[in-house]
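Visitor: Predicted model, plus sequence, below.
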Amino acid sequence: MSCAARDGYSRAAFFRGENLAGGSWHSRGWIQQESTFWRRSLWDRAGGKIDISYRLAADFELWARFYRQAELYGVSTPLGGFRAHGDQRSAQQFEAYSKEAKEVLHQYGGTPLPSF
């Protein structure tokens with residue numbers, strides 16, 4: 001098993017699509033929800049809810065709302081883990097998730113860079 005280091009995250013990079021799943025030449029990787037923490041005040045400013053109209057990318061939509069309210073920061077220490085397996089929705093519906101996440105970016109004014 002290997003763990004790829006991430007340089008951190010930024011609002012500008014997020015809205016350029018650098019946290020879209022699938023990775024292309026510019027991708028830093030998605031935000032691992034199992035390792036995220038935020039203050040209640042940020043949650044409240046961002047609407048205080050998960051938008052369940054997004055079947056697959058509700059967490060990605062939450063990050064977009066968070067980034068509208070604050071600059072988010074990453075740490076280099078692993079805080080959680082994620083086990084990939086073939087029966088999970090993110091594996092079985094990867095294309096649908098990617099499409100939904102790109103729609104979120106466009107909704108919030110983001111412009112994903114082209115994949116190469």
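Guide: Received the coordinates, thanks. Numbers count the residues shown, from 1 in each chain.

Visitor: which residues in this structure form helices?
Guide: Using DSSP state H, the helices of the chain run over 11-15, 40-45, 58-69, 89-92, 94-107.

Visitor: What helices and strands are in contact with the first one?
Guide: Helices and strands touching helix 11-15, as assessed by 3 or more C-beta pairs under 8 Å, 6 or more residues apart in numbering; DSSP states H and E, comprise helix 58-69. Quick note: C-beta positions are derived from backbone N, CA and C, even for glycine.

Visitor: Backbone torsions only: list them for the closest residue to Gln92 other than its chain neighbours.
Guide: Nearest non-adjacent residue to Gln92, counting by C-beta to C-beta, 6 or more residues apart in numbering: Gly86, 7.4 Å away. Gly86 adopts backbone torsions of phi -70, psi -20, taken as degrees, to the nearest 10.

Visitor: if you compare the helices of the chain, which one is most tucked away?
Guide: Most buried of the helices of the chain, by mean neighbour count (mean count of other C-beta atoms under 10 Å): helix 58-69, with a mean of 20.

Visitor: Counting by contacts, list what the worst-scoring helix or strand of the chain on mean pLDDT packs against.
Guide: The weakest-scoring helix or strand in the chain, judged by mean pLDDT, DSSP states H and E, is helix 89-92 (a mean of 72). Helix 89-92 sits against no helix or strand, with contacts defined as 3+ C-beta pairs under 8 Å, 6+ apart.

Visitor: mean pLDDT for the helices of the chain: which is lowest?
Guide: Note on the helices of the chain: helix 89-92 shows the lowest mean pLDDT, a mean of 72.

Visitor: Figure out how far that one is from the centre of its chain.
Guide: How far helix 89-92 lies from its chain's middle: 15 Å, per C-alpha atoms, centre = their mean, to the nearest Å.
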